[in-house]
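> can you look at this prediction? I've put the sequence above it.
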There are 2 protein chains.
Amino acid sequence: MATIRDVAKEAGVSLGTVSRYLNGYTLKKANMEKIAAAIKKLDFKQNYLAKGLKTKKSHAIGVVVNALTDIFAASIVTSLEELLEKNNYELIITDYKNNIKLLNEKLKFLYSRNIDGIVLFHVEQAVPILKEFRKKKIPVVAVDTPISGFECDTVLLDNYHASVEAVESLYEIGHRQIGIISGGQQGYVGSERLRGYVAAMKKYGIFDHELIASGSSFKDASYNATLDLLKNNHQITALYSTNYYMTIGAIQAINELNLRIPNDISFIGFDDYVISTVIKPQLTAVAQPVTKIGRKIGKIILQKIANPSILAYETEYFKARIVWRDSVKNKNI
Amino acid sequence: MATIRDVAKEAGVSLGTVSRYLNGYTLKKANMEKIAAAIKKLDFKQNYLAKGLKTKKSHAIGVVVNALTDIFAASIVTSLEELLEKNNYELIITDYKNNIKLLNEKLKFLYSRNIDGIVLFHVEQAVPILKEFRKKKIPVVAVDTPISGFECDTVLLDNYHASVEAVESLYEIGHRQIGIISGGQQGYVGSERLRGYVAAMKKYGIFDHELIASGSSFKDASYNATLDLLKNNHQITALYSTNYYMTIGAIQAINELNLRIPNDISFIGFDDYVISTVIKPQLTAVAQPVTKIGRKIGKIILQKIANPSILAYETEYFKARIVWRDSVKNKNI
DNA sequence: TTAAAGTTTGAATATGCTTTCAAATTACTT
DNA sequence: AAGTAATTTGAAAGCATATTCAAACTTTAA
């Protein structure tokens, strides 16, 4: 393996000049060309371990998701990775299985690997090791959920307005008894989505506690909650489920009750992934701009790495949009 | 940050002794205890960059998948990561979007990062950079698909027998006109699954070309293929679709044709993820042992890293099993 | 008690790169 | 052409660790 020293010799310049070349300083055109040629000829690759040892940077970004199989995180990471790899950063992806203790362990692991930045998906609560990241000025970006007890750049969906829009849309086409399958108040995302629903329902004067089914945000809880809700509220004409996995459970329950979508009941689900188009009829869904979100995260990380002393943290909101398919009935027609 | 030197001073032993301690050599019990105490006291963490520079190992494993959102790869990586992280390896995960040129680029990137091992999902064909990995004795494990033109350890599903079993099961409960939605011959996985189907059908003397719908292995092709197949073969009583995404397309087509599962048509789909239980009725599916597969990959990698001079490559087959739900009708009852 | 075997020590060298600095060279201005 | 500004040089130090080696020290066995 060729080293920077070999390149210097080959190009007939000094070692320091090559180093400066590699680090983006401008130098005499002639020298730049000679160095470029030497690099090509020798097939020289920087040794990131040596570089990292010296600079204390690894050119690696840690990404912590709750589950690798979570389609939401995976979609975002796809575009994040594209951007970061272009900038010569590698992604170390890890899951923490919604276990706060495991999260701390995984972050320690990443910390010990001299990570240059870190992206946390869906973390509600600060863990001790985060303070060490702050001390070392390693940028942290929270995605999907703000971290309580730790200030950092945060990229969120505007869940509140997404819910408002869902309810408004249903209202406009004649629905009044709009049920919600909610994850309840315990998580940020779930409570924001619920808050938007409540606000919109109240705005139209059609709010009713009975229309809220609240469980945890997983498939099985949602299945049970939906079953209960629909058995006890035959007047419900539309159902709004507040995440992908809850949509799955809700649809199972609707099937179980032999209700037909959209004739017996209209349906809007949060998140628009493959399920939406498999189910008959295809589902109207609230879609998140995952590609944009991924790019934004990447930009923030790169910017903060380039300028670690900026202490201001921004919170960026992205707007969801509703993708209309066949699961919602227009009652005005 | 404490260094090995600080630990030595604190423990009152020499630097080399600490180094040997950290690398698993046995030494005097008293010294081991003193060093352990010092490490704890100073909260010492090995610097992987320095260590890597010296040993030319990064303690990182590259994982290349075709898409981060691919549930199959994500499921396997979940258990792979668990095992490798326990052994202090980090995972650098990357996708290559089924683009062979991009694959080579991504592998070059990983190569330049001094990766200690590499796992390739669903790669059909060798790319040039793989030779460099071989030269440096960096272990390569192929998953899901053997790499043509490159010999390495390979972890596969026994696709052939999974198909045979699916057909046998359907035959035993009275089905004779068993259609298949196949990805065609172009990919290893698809052709193996088709081969098993053909063999089993021939064994029973019920093989018929007309029963094979063949397209690419994606949702839309499968949708069209299924539509064609079922329109032209009203006698088909059971359908076997050969991967997750094709199942989605096939189900869409079945819905479109207003066929009821399992009364009008029975259905078995390859891969058992969340879709299987959302659809009404819930789908009988061929499930892959993803956790076991992930662990096996990890074991192979660790073993080959520990012993890079072993030149024998093994090919390990895993058995799928059928998860029975409600989409298959027993015609004998 | 002594010889043999096993450990530990301290110092040195190496890994590939960045950074610094005074001195030397080259390039611009006027 | 001279003066100033900008670049490059060569050498050295440093990053945290591993490894080597002869010498010194311990432990074990006879």
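Noted; the coordinates are in hand.
> against which helices or strands is the lowest-mean-pLDDT helix or strand in chain A packed?
Ranked by mean pLDDT, DSSP states H and E, the helix or strand of chain A with the weakest confidence is helix A:275-278, at a mean of 84. If contacts are counted by 3 or more CB pairs under 8 Å, 6 or more residues apart in numbering or on different chains; DSSP states H and E, helix A:275-278 sits against helix A:244-256, helix B:244-256, helix B:275-278. (C-beta placed from N, C-alpha, C; glycine too.)
> packing partners of the helix or strand just after the second one?
Tracing the chain past helix B:244-256, the next element assigned as helix or strand by DSSP states H and E is strand B:266-270. Applying 3+ CB pairs under 8 Å, 6+ apart, one finds that strand B:266-270 contacts helix B:159-172, strand B:238-241, helix B:244-256, strand B:284-287.
> can I get strand B:266-270 in PDB, CA atoms only?
The C-alpha coordinates for strand B:266-270 follow below in PDB (Å, rounded to 0.1, in the frame of the first residue of the first chain):
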ATOM      1  CA  SER B 266     -55.400 -21.000  -2.200                       C
ATOM      2  CA  PHE B 267     -52.200 -19.000  -1.700                       C
ATOM      3  CA  ILE B 268     -48.700 -19.700  -0.400                       C
ATOM      4  CA  GLY B 269     -46.200 -16.900  -0.400                       C
ATOM      5  CA  PHE B 270     -42.500 -17.000   0.100                       C
END
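> list of residues touching it?
Residues outside strand B:266-270 that contact it (CB atoms under 8 Å, 6 or more residues apart in numbering or on different chains) are B:162, B:166, B:169-170, B:175, B:193, B:237-244, B:246-247, B:250-251, B:254, B:261, B:276, B:283-286, B:320, B:322, B:327-329.
> before we move on, what about stretch A:151-166?
By CB under 8 Å, 6+ apart, the list of residues contacting stretch A:151-166 reads A:139-147, A:189, A:192-197, A:199-200, A:240, A:242, A:268, A:270, A:286, A:288, A:293, A:296-297, A:300, A:304, A:313-320, A:322.
> and that stretch, what's buried?
Under the neighbour-count criterion of 16 or more other CB atoms under 10 Å in any protein chain shown, stretch A:151-166 has A:152-166 buried.
> and the residues you listed, which is closest to A:S216?
For the buried residues of stretch A:151-166, the closest approach to A:S216 (CB to CB) belongs to A:N159, at 17.0 Å.
> pLDDT value on the closest residue to that closest one other than its chain neighbours, please?
What sits nearest to A:N159 in space, not counting adjacent residues and going by CB to CB, 6 or more residues apart in numbering or on different chains, is A:E192, at 3.7 Å. On pLDDT, A:E192 comes in at 97.
> got the buried residues for the helix or strand harbouring A:L230?
For A:L230, the enclosing helix or strand under DSSP H and E is helix A:219-232. For helix A:219-232, burial by neighbour count (16+ other CB under 10 Å) applies to A:K219, A:A221, A:S222, A:Y223, A:A225, A:T226, A:L227, A:L229, A:L230.
> doesn't A:V123 make contact with A:G149?
No: counting by CB atoms under 8 Å, A:G149 stays clear of A:V123, with 10.4 Å between them.
> which one of the two has more residues nearby?
For A:G149 versus A:V123, the count of surrounding residues by other CB atoms under 10 Å in any protein chain shown is larger for A:V123: 26 against 10.
> can you put the helices and strands packed on helix A:275-278 in a markdown table and add distance to B:R20?
A markdown table is the format used below for the helices and strands packed on helix A:275-278 (distance: least, CB to CB, whole Å):
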| stretch | distance to B:R20 |
| --- | --- |
| helix A:244-256 | 50 |
| helix B:244-256 | 50 |
| helix B:275-278 | 53 |
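> select, out of these, the one closest to B:A37.
Closest to B:A37 of the helices and strands packed on helix A:275-278 is helix A:244-256 (CB to CB; 47.1 Å).
> pull the residues that contact that closest one.
Contacting residues not belonging to helix A:244-256 are listed as A:71-72, A:181, A:183, A:217-227, A:230, A:239, A:241, A:261, A:265, A:267, A:269-271, A:273, A:275, A:279, A:283, A:285, B:274, B:277-278, B:280 [CB under 8 Å, 6+ apart].
> list the contacts of the residue nearest to A:N159.
Counting by CB under 8 Å, 6+ apart, A:E192 has contacts A:N159, A:Y160, A:S163.
> which among those are in contact with DNA strand D?
Checked against DNA strand D using CB under 7 Å from any atom of the strand, those yield no neighbours at all.
> coming back round to it: mean pLDDT for the helices and strands packed on strand B:266-270: which is lowest?
helix B:244-256 - the lowest mean pLDDT of these, at a mean of 90.
> send me that one as PDB with only the CA atoms.
Taking C-alpha atoms only, helix B:244-256 is exported to PDB below (Å, rounded to 0.1, in the frame of the first residue of the first chain):
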ATOM      1  CA  TYR B 244     -42.300 -11.100  -0.500                       C
ATOM      2  CA  TYR B 245     -42.600  -8.400  -3.000                       C
ATOM      3  CA  MET B 246     -44.100 -10.700  -5.600                       C
ATOM      4  CA  THR B 247     -46.600 -11.800  -3.000                       C
ATOM      5  CA  ILE B 248     -47.700  -8.200  -2.600                       C
ATOM      6  CA  GLY B 249     -48.200  -7.900  -6.400                       C
ATOM      7  CA  ALA B 250     -50.000 -11.200  -6.600                       C
ATOM      8  CA  ILE B 251     -52.400 -10.300  -3.800                       C
ATOM      9  CA  GLN B 252     -53.200  -7.100  -5.500                       C
ATOM     10  CA  ALA B 253     -54.000  -9.000  -8.700                       C
ATOM     11  CA  ILE B 254     -56.200 -11.500  -6.900                       C
ATOM     12  CA  ASN B 255     -58.000  -8.700  -5.300                       C
ATOM     13  CA  GLU B 256     -58.500  -7.000  -8.600                       C
END
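> and the pLDDT at A:G149?
Here the pLDDT value assigned to A:G149 is 97.
> ok, so what distance separates it from A:E192?
18 Å (CB to CB, to the nearest Å).
> out of the contacts of A:E192, the closest to DNA strand C would be?
DNA strand C lies nearest to A:N159 out of these, by CB to the nearest atom of the strand, at 42.2 Å.
> can you pull the contacts of A:K9?
A:K9 neighbours (CB under 8 Å, 6+ apart): none.
> list the buried ones in the helix or strand harbouring it?
Using DSSP H and E, A:K9 maps to helix A:4-11. Within helix A:4-11, the residues that count as buried by 16+ other CB under 10 Å are A:I4, A:D6, A:V7, A:A8, A:K9, A:E10, A:A11.
> out of those residues, who's near DNA strand D?
Within the buried residues of helix A:4-11, nothing lies near DNA strand D by CB under 7 Å from any atom of the strand.
> closest one of the residues you listed to DNA strand D?
Nearest to DNA strand D, judged by CB to the nearest atom of the strand, of the buried residues of helix A:4-11 is A:A8 at 7.5 Å.
> so A:E90 bridges to which residues?
Taking DSSP bridges as the rule, A:E90 bridges to A:A60.
> the one 4 residues further on too?
Here A:T94 sits in beta bridges with A:V64, as judged by DSSP bridges.
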